[in-house]
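Take this sequence and fold it.
(one chain, ligands or ions: 1)
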Amino acid sequence: MIKVNIITDRHFKVAAVDKRIYGSFIEQLGRAVYGGIYQKDSPLSDEMGFRKDTLGLINEIDVPIVRYPGGNFVSAYNWEDSVGPVNERPARVELAWQVVENNEFGLNEFMDWCKLAKTEPMMAVNLGTRGIDAARGVVEYCNFKGGTYYSDLRKKHGYEKPHDVKVWCLGNEMDGPWQVGHKSADEYGRLAWETGKAMKIVDPSIELVACGSSGLMMPTFGEWEAAVLGYCYDTVDYISMHTYYNNHADDSADFLANTLNMDDFIKSVIATCDYVKGKKHSKKQINISFDEWNVWYHSNEADKKIEKWTKAPHQLEDVYNLEDALLVGGMLITMLNHCDRVKMACLAQLVNVIAPIMTSDNGAWKQTIFYPYMHASRYGRGVVLKTITDSPKYDSKNYCDVPYLDTCVVWNEEDKTVTIFAVNKSFDEDMAVTCDLRQFDNLKVNEHIVLTHESLKAENTEINPDNVTPKESGATSIDGGVVNSVLPKQSWNVIRLSY
Ligand code: AHR
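Okay, the predicted model is just below:
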């Protein structure tokens, strides 16, 4: 049995968690919208066409913010195509995913859906094929009270009140050669500055996210962030980060070690933001919007065979297994341990497309990754405390000194609860964990939730939706304020305590 001590202290706070760290993403891609959150004339949908079963699961997670409409999709998107009478909306050749988009579901449908999903919209503007004019137009359409062309058009479309969209992304992955309208850092930085400036004149209350690198592996990583922020530091509030991990090599130990890569990535982006801050003698701090993160690789081969120019094909439909859920849990822990700078994040994506929720015409079910995401969102609100562990470590193909334990502690002073999230990455040994929490009087165990399975490759599918589900564990006790727990090998754990 591996033995680990977690050392923490209620006075040593990382920061309060911004609940938007538990955001997600719906792109007009594959079956995320069509057949995912929206399916006209289905017995599973309401009168507006919104799938009630997926809404139920989204409400169970409690998703605070959802990014829309892309992703790569946004870089050739005309927002005007997606508003007004449905039968007058044009069908378009959709360049990013090479499908036909008929705009049956658009901006206003998304705003209606957000209300039912009890979430906030995070909108992206097109800085690929378009620019300042389209961006200021869509802010006016969404957020301006009335008496102007676009705000009155919104009213004509049946939306008297502004949508009041607070968070806007200035394009998507503009550093990526795959992006329609791909730009150099100088081209993008200038455009982001001028576009952001115009958008904030229309509505000074909005928050803006500039595109950072599409991943740590991008050849322009680092220089991109420094150059882009060099131009638009004063008008933006966040820089984006994106990362997807894969296990193509079928090396599970190395795959789970990717939390170290994510940790390095976050530290490097923070350093670059602060370098620009110093250079500009600025008092303003740029924070991180980690607005695309997940595991993505299972569907890569299937996607190569998709027929082009169809509507809503089965695209990016990864079926996740236990080890994916363990990495997703580890990624959540990594971001929480940086919650002083990672203020927003979006699990990419939410339904059908690399998603925790899958649907068919018959219903919806939870993938393995649903559980760590739901647990973190529901129980990970409060203040993250600094933790030190003496976890034993391993070396893998691409990483050295990988701790077997990923953990973070969240204290919710209002609810008088302390929650320990933990991943035991060992495939052979259970882990005995101790954590001295004597600073919290009369601490008791509410529950210890465990997600595990004998097979790392175990999945949930439509015909076997409960193959990997969380169970109650009796393996946590408290002795004189010290928590003693056993984390099974290859497991995600949520130890919920109250005082
Ligand atoms: O989430 C899928 C895609 O991944 C997004 O459209 C894009 O931004 C990223 O490359």
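
Below-threshold pLDDT in the stretch 1-150 of the chain: ranges please.
Across the stretch 1-150 of the chain, no stretch falls below the confidence threshold (pLDDT under 70).

Now do the closest residue to the ligand within it against I26, distance only.
When you check the stretch 1-150 of the chain against the ligand by C-beta to the nearest ligand atom, the closest residue turns out to be G71, at 2.9 Å. Where you see a C-beta, it was placed from the backbone N, CA and C, and this is true even at glycine. Using C-beta to C-beta, to the nearest Å, G71 is found at 9 Å from I26.

higher neighbour count, these two?
In terms of neighbours (other C-beta atoms under 10 Å), I26 is the more surrounded of G71 and I26; the figures are 33 against 26.

Spatially central residue for the chain, please.
Taking C-alpha atoms, centre = their mean as the criterion, C346 is the residue nearest the geometric centre of the chain, at 1.8 Å.

For it, name its beta-bridge partners.
G23 (DSSP bridges).

Now do the same contact list for it.
C346 makes contact with 23-25, 65-67, 122, 289-293 under the criterion C-beta atoms under 8 Å, 6 or more residues apart in numbering.

now with 6 Å?
Counting by C-beta atoms under 6 Å, 6 or more residues apart in numbering, C346 makes contact with 23-25, 67, 291.

do W411 as well
By C-beta under 6 Å, 6+ apart, the contact set of W411 is 382-383, 385, 418.

What count of nearby residues applies to the closest residue to the residue of the stretch 1-150 of the chain closest to the ligand other than its chain neighbours?
Here the nearest residue to G71 in space, its sequence neighbours aside, is E27; by C-beta to C-beta, 6 or more residues apart in numbering that works out to 3.7 Å. Here the number of neighbours of E27 (other C-beta under 10 Å) works out to 27.

how about E27, secondary structure?
Classification of E27 by DSSP: H, G, I helix; E, B strand; the rest coil places it in coil.

One more: D112?
State at D112, reduced to three classes by three-state DSSP: helix.

any idea how far the closest residue to W193 other than its chain neighbours lies from K366?
What sits nearest to W193 in space, not counting adjacent residues and going by C-beta to C-beta, 6+ apart, is C232, at 3.9 Å. The spacing between C232 and K366, counted by C-beta to C-beta, is 39 Å.

In terms of neighbours, single out the busier of those two.
When C232 and K366 are compared on other C-beta under 10 Å, the one with more neighbours turns out to be C232, at 25 against 21.

so the more buried one sits right up against A210, yeah?
Yes - here C232 reaches A210: they are 5.5 Å apart, a contact under C-beta atoms under 6 Å.

Help me confirm that the residue nearest to G71 comes into contact with G70.
Yes - E27 is within contact range of G70, at 4.7 Å (criterion: C-beta under 6 Å).

what does the stretch 151-300 of the chain have sitting close to the ligand?
Taking C-beta under 6 Å from any ligand atom, the part of the stretch 151-300 of the chain that reaches the ligand is made up of 172-173, 292.

Just put those residues in TSV and tack on neighbour count and distance to E160.
Putting those into TSV (neighbours: other C-beta atoms under 10 Å; distance: C-beta to C-beta, whole Å) gives the following:
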residue	neighbour count	distance to E160
N172	32	31
E173	24	35
E292	25	34
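
So which of those sit within strands?
Where these overlap with strands, as defined by DSSP state E, the overlap consists of E292.

For the residues of the stretch 151-300 of the chain next to the ligand, could you give me a markdown table that also reports distance to T389 and pLDDT?
Shown next, in a markdown table, are these (distance: C-beta to C-beta, whole Å; pLDDT from 0 to 100):
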| residue | distance to T389 | pLDDT |
| --- | --- | --- |
| N172 | 37 | 98 |
| E173 | 35 | 98 |
| E292 | 29 | 98 |
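
Of the residues of the stretch 151-300 of the chain next to the ligand, just say which sits nearest to I37.
Distances from those to I37 were compared by C-beta to C-beta; the smallest belongs to E292, at 18.0 Å.

thinking again about what came up before, overlap in contacts, C232 and A210.
Common neighbours of C232 and A210 (criterion: C-beta under 6 Å, 6+ apart): A192.

can you tell me how far the closest residue to the ligand within the stretch 201-350 of the chain sits from I270?
With C-beta to the nearest ligand atom, the shortest gap between the stretch 201-350 of the chain and the ligand falls at A348, namely 4.3 Å. To I270, A348 is 21 Å away according to C-beta to C-beta.

top helix in the chain by residue count?
helix 258-279 (DSSP state H).

And stretch 187-206, what's buried?
188-189, 191-196, 198-200, 202-203, 206 (16 or more other C-beta atoms under 10 Å).

got it, and stretch 57-66?
For stretch 57-66, the neighbour count (16+ other C-beta under 10 Å) marks 57-58, 61, 63-66 as buried.

Please apply the same query to stretch 398-411.
399, 402-411.
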